[in-house]
Structure formats: structure tokens, C-alpha cells
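Colleague: Kindly return the folded structure for what I paste below:
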Amino acid sequence: MSFFDTLKEKAGEARAKLTTEIGKFKNREFMEACVAGCALVAAADGSIDSSEKQKMMKFIQQSDELKVFDTKDVIAVFNKVTENFEFDNEIGKAEALKMIGKLRNKPDAARLMVRVCMAIGSADGDFDDKEKQMVREMCRDLNIPTDDFGL
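Modeller: Next comes the predicted model:
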């Protein structure tokens with residue numbers, strides 16, 4: 001087995017584990033936190049443009065990690081969150097962090113949500129500094145050490 005085959009197999013195993021873990025936390029609060037995190041990562045550069053919305057929605061709809069959730073619910077929550085960003089970036093950020101904050105007393109779910117956001121941030125192959133900074137901010141808000149995620 002080549003190095004790349006081994007790497008691909010390990011990535012597949014990690015994805016399957018993440019999917020299984022998300023299934024454990026399948027509830028609206030967790031889904032909303034994941035979607036809010038997606039929006040925060042998408043808005044890390046100061047705005048969510050239409051191409052980012054399309055990319056994010058496509059990722060959510062096709063993601064093995066998020067497919068355990070009803071797509072219509074995910075889309076409705078994502079649209080609600082992104083509308084807040086369109087109205088005012090700071091209000092959007094505050095509302096999204098408020099949704100994420102509901103996981104503060106659920107450390108396992110909060111850590112999983114952060115891992116999902118990191119996966120979304122790197123979905124385009126470039127988990128840039130602004131996206132990493134946003135994930136760090138989410139971690140601080142959730143009282144989770146950023147070192148736990150290599151940030």
C-alpha cells in the first residue's frame with residue numbers, strides 16, 4: 001500500500017468517526033451551532049458574498065459529517081444567520097456566537113462543533129489565517145483551549 005493510499009484510508013476513517021460522533025449529538029441546538037460556525041468561518045474576511053454562500057451551502061448539503069441533519073432545516077438556519085451578517089457584520093457575529101455559546105456547557109459537543117468548523121474552513125484547501133482566528137475566537141467563547149486543535 002502506497003503512502004497516499006494509507007493517507008487516504010486514514011482520512012476516510014477520520015471522516016467516518018466524525019460522522020458517527022455527530023450522529024450522537026443530532027439535535028437542533030448542535031446543528032444550529034454548527035451552521036453558525038460555518039457562517040462565522042465564511043464571514044471571517046468581513047462579509048459573506050454569494051459565492052461563499054453557495055460554497056458553504058453546497059458543502060453543508062454534501063458533507064458526510066452534516067448529512068445527518070435535515071437539509072431544509074440547515075438551509076433555513078444558515079440563511080437566518082447570514083441575514084444577520086448582511087444587516088450588520090458585528091450583529092451577525094454576535095448572534096452566531098450566541099448560538100455557538102449554547103454548547104458551552106457541553107464540552108464534547110462544543111469540541112466536535114469546532115472540528116466541523118475547521119473541516120469547513122479547510123474545505124477549499126486553504127484554512128487561512130482569518131478563518132483560523134475566527135475558530136480561535138469560537139474556542140475562547142466556549143472555554144476550549146485552542147492548543148487542543150493545533151491553533
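Colleague: pLDDT-wise, which helix or strand of the chain ranks last?
Modeller: helix 50-62 (a mean of 67; mean pLDDT, DSSP states H and E).
Colleague: Please pull up the helix or strand immediately following that helix.
Modeller: Sequence order places helix 71-87 as the next helix or strand after helix 50-62, per DSSP states H and E.
Colleague: Just the CA trace of that next one, in CSV.
Modeller: The C-alpha coordinates for helix 71-87 follow below in CSV (Å, rounded to 0.1, in the frame of the first residue of the first chain):
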residue,chain,number,x,y,z
THR,A,71,-31.1,19.8,4.7
LYS,A,72,-34.1,22.2,4.7
ASP,A,73,-33.5,23.0,8.4
VAL,A,74,-29.8,23.5,7.8
ILE,A,75,-30.5,25.9,4.9
ALA,A,76,-33.1,27.8,6.9
VAL,A,77,-30.8,28.3,9.8
PHE,A,78,-27.8,29.2,7.6
ASN,A,79,-30.0,31.8,5.8
LYS,A,80,-31.2,33.3,9.1
VAL,A,81,-27.6,33.5,10.4
THR,A,82,-26.2,35.0,7.2
GLU,A,83,-29.0,37.6,7.0
ASN,A,84,-27.8,38.9,10.3
PHE,A,85,-24.3,39.4,8.8
GLU,A,86,-25.8,41.2,5.8
PHE,A,87,-27.6,43.6,8.1
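Colleague: Can you point out the buried residues in that helix?
Modeller: 74, 77-78, 81-82, 84-85 (16 or more other Cβ atoms under 10 Å). No exception for glycine: its C-beta is placed from N, CA and C like everyone else's.
Colleague: Poorly predicted segments of the chain, please.
Modeller: By pLDDT under 70, the low-scoring segments of the chain are 1, 3-4, 7, 19-26, 46-57, 59-60, 63-67, 123-124.
Colleague: So which residues of it form helices?
Modeller: 3-24, 28-42, 50-62, 71-87, 89-101, 107-121, 129-141 (DSSP state H).
Colleague: among the ones you listed, which is nearest L151?
Modeller: helix 129-141 (5.2 Å; Cβ to Cβ).
Colleague: Show me what the closest one is packed against.
Modeller: When contacts are defined as 3 or more Cβ pairs under 8 Å, 6 or more residues apart in numbering; DSSP states H and E, helix 129-141 packs onto helix 28-42, helix 89-101, helix 107-121.
Colleague: for the most centrally placed residue in the chain, what are its contacts?
Modeller: In the chain, the residue lying closest to the centroid (Cα atoms, centre = their mean) is C117, at 2.6 Å. Residues near C117 by Cβ atoms under 8 Å, 6 or more residues apart in numbering: 34, 37-38, 40-41, 135, 138.
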